[in-house]
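Novice: model the following, please.
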Amino acid sequence: ADAASAEGPTLDVLDVDAPDAALLRHIDLVTRAAIGADERDARIETLSALGLSRPRPASIAPKGARILFVGRPDPYFLAIERAATRAGVDLTAALTSFAAFDHLHDERFDAVLINGASDTGAALSLCGALRRNSELNTLPTLFVTAADGAVAQDAAERGAAVIAAVDQAPTIAFSWLLRAVAFERRRRAVEADLAAIAGAVAEPRSALANPLFAERHVETLARRHHLSGRPLSIAALKLGPAPGATPAHPAVWARAFSEAASITARLVRDADLAAVWDETTLLFTLPALDAAAAETALARIAAVGECTAFATDGAAGPLSFHSSVATLAPGESGAGLLARALAGVSRWAANA
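Specialist: The predicted structure follows:
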């Protein structure tokens, strides 16, 4: 406990007795959070290099933790209620999954505690539903079971962060849940920083980062990734009319390009910087991704874009997406990496 809260390089502490699925999910979250935190530091460095001040993100969390208890108010709930009171946690109760989603839709909570000891099927369904919800996907969840190992494993596979048996004292499990809440708040704070910086350097047409910041940021990332030894990929995505389509009027094309840029930018991680390079090209910085992972990410972006209709000539029309990925080579500069990424789509444009 002391190690987790002390100042220093510790990212988080894992419960080694947790089911494998819960451990793997949390390790993935910790890895993503670490990449995000490093990207935030890199963006701050780029801002400084350009003589820009760091923007202040909006506050995203209240001071005290709020936890939603879902299920029957049995003795376990009473024990949790006492533990919450001692920890200064605001505990709200909902009897059913339907009531729980009403609360989660209307209010902000830091975690959900699901009592699966009675109606196990409904409790497992709720646990899985939380993970499928884009807004609630990372919300820490404590799942209470009736000492059934199979149910515990199922709950972990559906995304529960902490698993507890109903016949055990809830203190330890509740402490792990509070630790997960603290980690999630730190992770969301990093996300808020990333979004604030991206917004501060956005060009007005698409709300994506401007070319000046993107070019300087590639230099920052290249230097930092050489020092850390992590991979770094840069991707270029060139948009154009689908084969055989009539070229759009410049004003119509500008609107279509902005729409496409906005959609594709939502398909990358918070740690990935999406930028406009020119009137037909988007640029993505992909920290800690090797060439194979970057190609997979770009293929997904292009696939979504190509099946989306955009306004190109007064009506909906298809666009073509052509991508190029370059991965940082030993000793390579940011300028060289950027040039290789852009060269790939430039060759396609020249042959189109």
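
Novice: quick one: Arg43 from Gly331, how far?
Specialist: To Gly331, Arg43 is 24 Å away according to Cβ to Cβ, to the nearest Å. Where you see a C-beta, it was placed from the backbone N, CA and C, and this is true even at glycine.

Novice: what about Val151, how many neighbours?
Specialist: Neighbours of Val151 under the rule other Cβ atoms under 10 Å: 21.

Novice: Arg43 and Gly331: which is more packed in?
Specialist: For Arg43 versus Gly331, neighbours defined as other Cβ under 10 Å are more numerous around Arg43 (26 against 7).

Novice: just how off-centre is the strand or helix carrying that one within its chain?
Specialist: Under the criterion of DSSP states H and E, Arg43 resides in helix 20-49. With Cα atoms, centre = their mean, to the nearest Å as the basis, helix 20-49 stands 9 Å off its chain's centre.

Novice: do stretch 143-154 as well
Specialist: Worked out by Cα atoms, centre = their mean, stretch 143-154 lies 28 Å from the chain centre.

Novice: rounded mean pLDDT for it, please.
Specialist: In this model, stretch 143-154 has a mean pLDDT of 86.

Novice: swap in stretch 274-291?
Specialist: 94.

Novice: buried residues in that stretch, which are they?
Specialist: For stretch 274-291, burial by neighbour count (16 or more other Cβ atoms under 10 Å) applies to 274-277, 281-289.

Novice: can you check stretch 323-337 too?
Specialist: Applying 16+ other Cβ under 10 Å to stretch 323-337 flags 323-328, 332, 334, 337 as buried.

Novice: now the helix or strand harbouring Ser262: buried residues?
Specialist: Assigned by DSSP H and E, Ser262 falls within helix 250-265. By neighbour count with 16+ other Cβ under 10 Å, helix 250-265 contains the buried residues 252-253, 255-261, 264-265.

Novice: for Thr138, state which of these is nearest.
Specialist: Of all the buried residues of helix 250-265, Ala265 has the smallest distance to Thr138: 19.9 Å, by Cβ to Cβ.

Novice: and the nearest residue to the closest one once chain neighbours are set aside, what element?
Specialist: Distances taken as Cβ to Cβ, 6 or more residues apart in numbering put Ala274 closest to Ala265, at 3.9 Å, once the chain neighbours are dropped. When elements are assigned from DSSP H and E, Ala274 belongs to strand 273-276.

Novice: done for today, thanks.
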